[in-house]
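Trainee: The sequence isn't on hand, but the structure is:
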């Protein structure tokens, strides 16, 4: 068999100053082209027997047809151009994610949130001042019904630790407005002020008034809603985003947000680390947050925006960045973002009003992890970190005890409401429990004494649930 060369094409005509190495794939039994390069004023093809042939002039560009003519000297005059393309040419084109990006833009919003604050004075941190705090962030349209459209954002977008009593009984924004992509504007101070401390802001006709539904500070996820009629009045063609099923390291990560408040825009990078823990201080208390690390550029104002894959599906919600290294940024992983969002909306029920928290049951088991390792799947082309999850103790009269779990059981899976989840990492347990509802049946699979076993089932009761801060 003759060795076949591969001519890598980035554009239709390749500039002749390029030196092109042609890689082979099988053992060769006759003369074949090894490379094409520029020599002086000519483009020369080199062969495996040490000979060479001028196939074009370097005075301009040389075409694919020139290479085809060189290939015919090896294959014969009856060798067709169509067969040449099939056998020898590998076309490499830049990946175009514009369709996914444009789809994502149709489900993206930017937020303005207002608070009455008693906060450190700018430039004089030891002094405080009363003011209207206006902040900007991003969001993703997540659900829509005939009455309301629901959006996901970060908790810290709608929360201010400096909110005072003039803000009401909560530190959640007293006013929330959103703008759809393509219909963007910004608030302006009112010309008529009634309070010398608190600036009043006015919004134009593109602004859609929103209200806070619920959230989780410890997961940095919040749900905001607006009347669907108000949204469609601005743009009847807005879209609801869709969550992906999974994500992995190396996957393209497209952030859509409102960087520096300059308007909704896109940036692109990759998932750098699938899961890690970072420290965030949202309410004056530093907490550890499980995050996905990305090298996608994000800035202030991107918080709460969607992180999408090349199918335009959500893989996370951007929420933090490293102030010293722009290539290290973070997003709330899809399992948490979707789990908390669904949980809150299910708890919100008929939409009768009042903010709610995510609700989750406590399994009643303490576990330890060991044997952490990276497992690569050659079939998928990517891998994941897995660890062994071992029961250390079981709380008396807990769900875990009812299921029959014992010390030293190695947990491998959990089923909640008929949906099975593999337990490859410790946090997979809490992720799965976010999907639990009153009436959900739960079972656990585990190894005991080297044998795989499945527990009995337990049906969740309202008393099993508690609010997630």
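Mentor: Perfect, thanks for sending it. If you're wondering where the values come from, they're calculated on a predicted model, not measured in any experiment.

Trainee: quick one, domains of the protein?
Mentor: Residue ranges for the domains of the chain, per automatic domain parsing: 7-91, 95-353, 362-468.

Trainee: Residue 166 looks like it's in a helix, true?
Mentor: Yes. Assessed with DSSP: H, G, I helix; E, B strand; the rest coil, residue 166 lies in a helix.

Trainee: pLDDT of stretch 113-127, averaged?
Mentor: Mean per-residue pLDDT for stretch 113-127: 87.

Trainee: Run through who's touching that stretch.
Mentor: With C-beta atoms under 8 Å, 6 or more residues apart in numbering as the test, stretch 113-127 has contacts from 128-137, 157-158, 160, 162-164, 166-167, 171, 173-176, 198, 201. Every residue, glycine included, has its C-beta placed from N, CA and C.

Trainee: Nearest residue to residue 423 in space, please, no chain neighbours.
Mentor: residue 411 (4.9 Å; C-beta to C-beta, 6 or more residues apart in numbering).

Trainee: Output the contacting helices and strands for the host helix or strand of that neighbour.
Mentor: Using DSSP states H and E, residue 411 falls within strand 410-416. If you count contacts as 3 or more C-beta pairs under 8 Å, 6 or more residues apart in numbering; DSSP states H and E, strand 410-416 packs onto strand 382-394, strand 419-422, helix 428-433, strand 441-448.

Trainee: For the shortest one, which residues meet the burial criterion?
Mentor: Right, the one you point to is strand 419-422. Of the residues in strand 419-422, residue 421 count as buried by neighbour count, 16 or more other C-beta atoms under 10 Å.

Trainee: Likewise for stretch 125-140?
Mentor: Going by neighbour count (16+ other C-beta under 10 Å), the buried part of stretch 125-140 is 131-140.

Trainee: try stretch 144-154
Mentor: So, applying 16+ other C-beta under 10 Å, buried residues of stretch 144-154: 144, 148-154.

Trainee: what is the mean pLDDT for it?
Mentor: 96.

Trainee: Could you do stretch 462-469 as well?
Mentor: For stretch 462-469, mean pLDDT is 89.

Trainee: How about stretch 78-97?
Mentor: 68.

Trainee: ok, back up a step: among the domains of the chain, show me which one is buried the most.
Mentor: Mean neighbour count (mean count of other C-beta atoms under 10 Å) peaks for domain 95-353 among those, with a mean of 19.

Trainee: Run the chain-centre distance for the lengthiest strand in the chain.
Mentor: As assigned by DSSP state E, the longest strand anywhere in the chain is strand 124-144. How far strand 124-144 lies from its chain's middle: 23 Å, per C-alpha atoms, centre = their mean, to the nearest Å.

Trainee: Show me what the next helix or strand after it pairs with in its sheet, parallel or antiparallel.
Mentor: Following strand 124-144 in sequence order, the next helix or strand is strand 148-153 (DSSP H and E). Applying DSSP bridges to the sheet, strand 148-153 is found paired with strand 124-144 (antiparallel), strand 221-227 (antiparallel).

Trainee: what's the first helix or strand past strand 148-153 going along the chain packed up against?
Mentor: For strand 148-153, the following helix or strand on the C-terminal side (DSSP H and E) is helix 155-158. Applying 3+ C-beta pairs under 8 Å, 6+ apart, one finds that helix 155-158 makes contact with strand 108-121, strand 124-144, strand 208-216, strand 221-227.

Trainee: now do 10 Å
Mentor: Here helix 155-158 touches strand 108-121, strand 124-144, strand 208-216, strand 221-227, strand 314-321, going by 3 or more C-beta pairs under 10 Å, 6 or more residues apart in numbering; DSSP states H and E.

Trainee: longest single helix anywhere in this structure?
Mentor: Identified as the longest helix of the chain according to DSSP state H is helix 334-348.

Trainee: Report the angle between that helix and strand 314-321.
Mentor: Helix 334-348 runs at 100 degrees relative to strand 314-321, counting by axes from the mean of the first three to the mean of the last three C-alpha atoms, to 10 degrees.

Trainee: average pLDDT across helix 334-348?
Mentor: Helix 334-348 comes out with an average pLDDT of 90.

Trainee: roughly how far is that helix from the heart of the chain?
Mentor: 16 Å.

Trainee: swap in stretch 450-457?
Mentor: 35 Å.

Trainee: for the stretch 351-469 of the chain, which spans come out with low pLDDT?
Mentor: Counting by pLDDT under 70, the stretch 351-469 of the chain has low-confidence residues at 351-354.

Trainee: measure residue 44 to residue 74 for me?
Mentor: 15 Å (C-beta to C-beta, to the nearest Å).

Trainee: leaving aside the residues next to it on the chain, what's closest to residue 257?
Mentor: residue 305 (2.9 Å).

Trainee: now that neighbour: how far from residue 215?
Mentor: Taking C-beta to C-beta, one finds residue 305 at 16 Å from residue 215.

Trainee: doesn't residue 452 make contact with the residue nearest to residue 423?
Mentor: No. If you go by C-beta atoms under 10 Å, residue 411 and residue 452 don't touch, sitting 11.3 Å apart.

Trainee: Overlap in contacts, these two.
Mentor: Common neighbours of residue 411 and residue 452 (criterion: C-beta atoms under 10 Å, 6 or more residues apart in numbering): 445-446.

Trainee: what's the model's confidence in stretch 180-199, averaged?
Mentor: Mean predicted lDDT for stretch 180-199 stands at 86.

Trainee: From start to finish, how long is that stretch in a straight line?
Mentor: One end of stretch 180-199 sits 25 Å from the other (C-alpha to C-alpha, to the nearest Å).

Trainee: So what's the gap between that stretch and the chain middle?
Mentor: Chain-centre distance of stretch 180-199: 32 Å, with C-alpha atoms, centre = their mean.

Trainee: Kindly report the same for stretch 383-393.
Mentor: Here the centre of stretch 383-393 is set off from its chain's centre by 24 Å, with C-alpha atoms, centre = their mean.

Trainee: Need the residues that contact it.
Mentor: 246, 248-249, 273-275, 364-377, 400, 405-412, 422-426, 428-429, 444, 446-448.

Trainee: now with 8 Å?
Mentor: Looking at what lies outside stretch 383-393 - C-beta under 8 Å, 6+ apart - the contacts are 248, 274-275, 365-377, 400, 405-412, 423-426, 429, 446.

Trainee: For residue 341, which non-adjacent residue is closest in space?
Mentor: Distances taken as C-beta to C-beta, 6+ apart place residue 152 nearest to residue 341, at 5.2 Å, with adjacent residues excluded.

Trainee: Show me what the one you found is bridged to.
Mentor: If you apply DSSP bridges, the partners that residue 152 bridges to are residue 140, residue 223.
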